[in-house]
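A.B. asks: Just to be clear, the model below is a prediction. Sequence and coordinates:
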Amino acid sequence: MIVRKLGHSLTLRLALLYAASTLLILLSVGFYMIHIIDSHFARQDTEEMRGKLELASRLIAKAGQDNTQDQLPHQLDDALVGHHHLSLALFSGGQKIYGFGEADYPASLLASPADKQDAAKASTWTQGNTPYRGLALRVGAKQDANPLTLSVAVETSHHREFIDSIKLALWAVIALATLIAVALGWAVTRAGLTPLRQTAQLARQIRIDHLDQRLPADRVPPELEELTSSFNAMLDRLSGSFERLSAFAADLAHEMRTPVNTLMMQTQVMLTQARTAEEYREVLASNLEEYERLARTIGDMLFLAKADNGLIVPTREPVDLAEEIRDLFEFYEALAEDRHIKLECSGAATIHGDRLMLRRALSNLLSNGIRHAPESCTVNVGLNTADDEVAITFDNPCLDLDQKHLDHLFDRFYRIDPARRDSGEGAGLGLAITRSIAQAHGGDVQALRIPGGIRFELRLPKTA
């Protein structure tokens, strides 16, 4: 468990990242230093070998001028006294005529000697376990029958040993520095994450009965301001959702309790004494109405629960909205005539959606307008088509409503007049269901204030 926890530790990750960055920098510096030292030794060896080539070339040239070639080996030996790491050889036509030191020159070096000292390029080889670096210079003209080749080599084992010691010390320093970087990275990261731990401690103090508490945004580093504001926004949403859920539970309990109490009371009254068959029939008919009311409420709640969880998947078929509204006018014709309300529809539109669900949404809006409109008025339904959506408007001439009511008309169990809760007109879920249907089709519905009443506007995409 501890290993698993450390594997997800942000402090450990940042410390290792800091150590890895330090290691990469130190390795880059180390390789560069070794390259610089090796290049320095190479230049130093090359300069020394070129100096010896120049000295030997002069001695060879002077011996040719003075006709003292028999003294040349002694002169070359004297010139190399004290240089035990150097080797010098003179070749004529591929045959070695003079040699000093233990170097065995490779054929590739002797095959292409340089004509000038400055043009000579160093070659490296290993003889046994001893490394060498050497140069070759042609002495005399190319057209000579037996041109002379002067070769010089320097043993570089002491350079290798020095570089190896530098590498060993450098790797030890890098390893130690990496461990120190891990420790420092851990300490610095842990100290830097202190505000985050303090924020977590404050968050642990927030409970369901204290959702009004918020994290102080002015006491966190700038890097945590976005996290703090997002967390506070989440608490705002949770607080609002919890308040709505509490109100919803209370309203639901009230809606369920009223018909249940009615059923219990009627049953208790009927059981107090013997009744006639007609009286039992009347009570059963009354109970049936309460059962139907309960069934509608439960069905509406199940529909809204599915909508909240994204389980409502509308079918896709062409729906003539004007035809659906005319059918609803016929269905509500008797109710409208009783209240002397005239129903009018203008415009035409067709969308792709679920016919039954759209009919239910339109029915809820139309019945709401008929119930709340004053008598002897007109409820106007308009169909307006835009480029990619259809707007269906229901203009209800009623008393002017405050904005606070308009903001809550689509809440569940919301009624403008709480006294009408027990009037039997419904549980107050119709507009909430309408919004769920609109959102399931990719649209929305809203209530707007207009002169002399309110307007419900249902917007749906054409390809809902």
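C.D. replies: Noted; the coordinates are in hand.
A.B. asks: contacts, neighbours, all on C-alpha from now
C.D. replies: Noted.
A.B. asks: Tell me where the stretch 301-450 of the chain has helices.
C.D. replies: For the stretch 301-450 of the chain, the helices defined by DSSP state H, counting those that start in this stretch cover 321-331, 333-338, 355-372, 403-406, 430-440.
A.B. asks: and the residue most central in space within the chain, what does it touch?
C.D. replies: Closest to where the C-alpha atoms of the chain average out (Cα atoms, centre = their mean) is Leu227, at 14.2 Å. Applying Cα atoms under 8 Å, 6 or more residues apart in numbering to Leu227 gives no contacts.
A.B. asks: per-domain residue ranges of this structure.
C.D. replies: 2-167, 218-308, 317-461 (automatic domain parsing).
A.B. asks: What's the end-to-end length of the shortest one?
C.D. replies: Taking Cα to Cα, to the nearest Å, domain 218-308 runs 36 Å from one end to the other.
A.B. asks: average pLDDT across it?
C.D. replies: Mean per-residue pLDDT for domain 218-308: 79.
A.B. asks: What are the contacting residues of stretch 17-24?
C.D. replies: With Cα under 8 Å, 6+ apart, stretch 17-24 has contacts from Ile174, Ala177, Thr178, Leu179, Ala181, Val182, Gly185.
A.B. asks: Closest one of those residues to Arg326?
C.D. replies: Gly185 (74.4 Å; Cα to Cα).
A.B. asks: when you check the contacts of stretch 17-24 against the helices, which ones overlap?
C.D. replies: Ile174, Ala177, Thr178, Leu179, Ala181, Val182, Gly185 (DSSP state H).
A.B. asks: Number of residues surrounding the first one?
C.D. replies: So that's Ile174. Applying other Cα atoms under 10 Å, we find 19 residues neighbouring Ile174.
A.B. asks: that older thread, got a quick ChimeraX command for the buried subset of the ones in helices among the contacts of stretch 17-24?
C.D. replies: A single ChimeraX command selects the buried members of these (16 or more other Cα atoms under 10 Å):
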select :174,177,178,181,182,185
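A.B. asks: Mind putting the ones in helices among the contacts of stretch 17-24 into CSV with distance to Phe331 and pLDDT?
C.D. replies: Output for those, formatted as CSV (distance: Cα to Cα, whole Å; pLDDT from 0 to 100):
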residue, distance to Phe331, pLDDT
Ile174, 88, 89
Ala177, 86, 89
Thr178, 83, 88
Leu179, 83, 90
Ala181, 81, 87
Val182, 78, 87
Gly185, 76, 85
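A.B. asks: Remind me which helix or strand the closest residue in space to Leu179 that isn't next to it in sequence belongs to.
C.D. replies: Distance criterion Cα to Cα, 6 or more residues apart in numbering; nearest residue to Leu179, sequence neighbours excluded, is Ala19 at 7.5 Å. Assigned by DSSP states H and E, Ala19 belongs to helix 10-66.
A.B. asks: gap between that helix and the chain center?
C.D. replies: Chain-centre distance of helix 10-66: 47 Å, with Cα atoms, centre = their mean, to the nearest Å.
A.B. asks: circling back: what's the residue nearest to the centre of the chain sitting at in phi/psi?
C.D. replies: phi -60, psi -40 (degrees, to the nearest 10).
A.B. asks: Over to Gln205?
C.D. replies: phi -80, psi -10.
A.B. asks: I'd like the numbering to begin with 57 instead of 1 from here.
C.D. replies: Sure thing, new numbering starts at 57, so read that last one as Gln261.
A.B. asks: mind listing what Ala405 touches?
C.D. replies: Asp376, Leu377, Ala378, Leu439, Asn440, Thr441, Val446.
A.B. asks: What segments of the stretch 207-356 of the chain are helices?
C.D. replies: Using DSSP H, counting those that start in this stretch, helices in the stretch 207-356 of the chain cover 213-248, 250-260, 278-327, 333-364.
A.B. asks: now the longest one against helix 333-364, angle please.
C.D. replies: Interaxial angle of helix 278-327 relative to helix 333-364 (axes from the mean of the first three to the mean of the last three Cα atoms, to 10 degrees): 170 degrees.
A.B. asks: Which of the helices and strands in this structure ranks last by mean pLDDT?
C.D. replies: Of all helical and strand segments in the chain, the minimum by mean pLDDT, DSSP states H and E falls on helix 58-63, at a mean of 46.
A.B. asks: these two touch, right, Phe97 and His215?
C.D. replies: Yes. Between Phe97 and His215 a contact is recorded at 7.1 Å, counting by Cα atoms under 8 Å.
A.B. asks: Output the below-cut-off pLDDT ranges for the stretch 407-520 of the chain.
C.D. replies: Scanning the stretch 407-520 of the chain for pLDDT under 70 picks out 455-461, 463, 470-483, 520.
A.B. asks: now with 50?
C.D. replies: 475-480 (pLDDT under 50).
A.B. asks: follow-up on the earlier one: so for Thr255, which of the domains of the chain sits nearest?
C.D. replies: domain 274-364 (7.9 Å).
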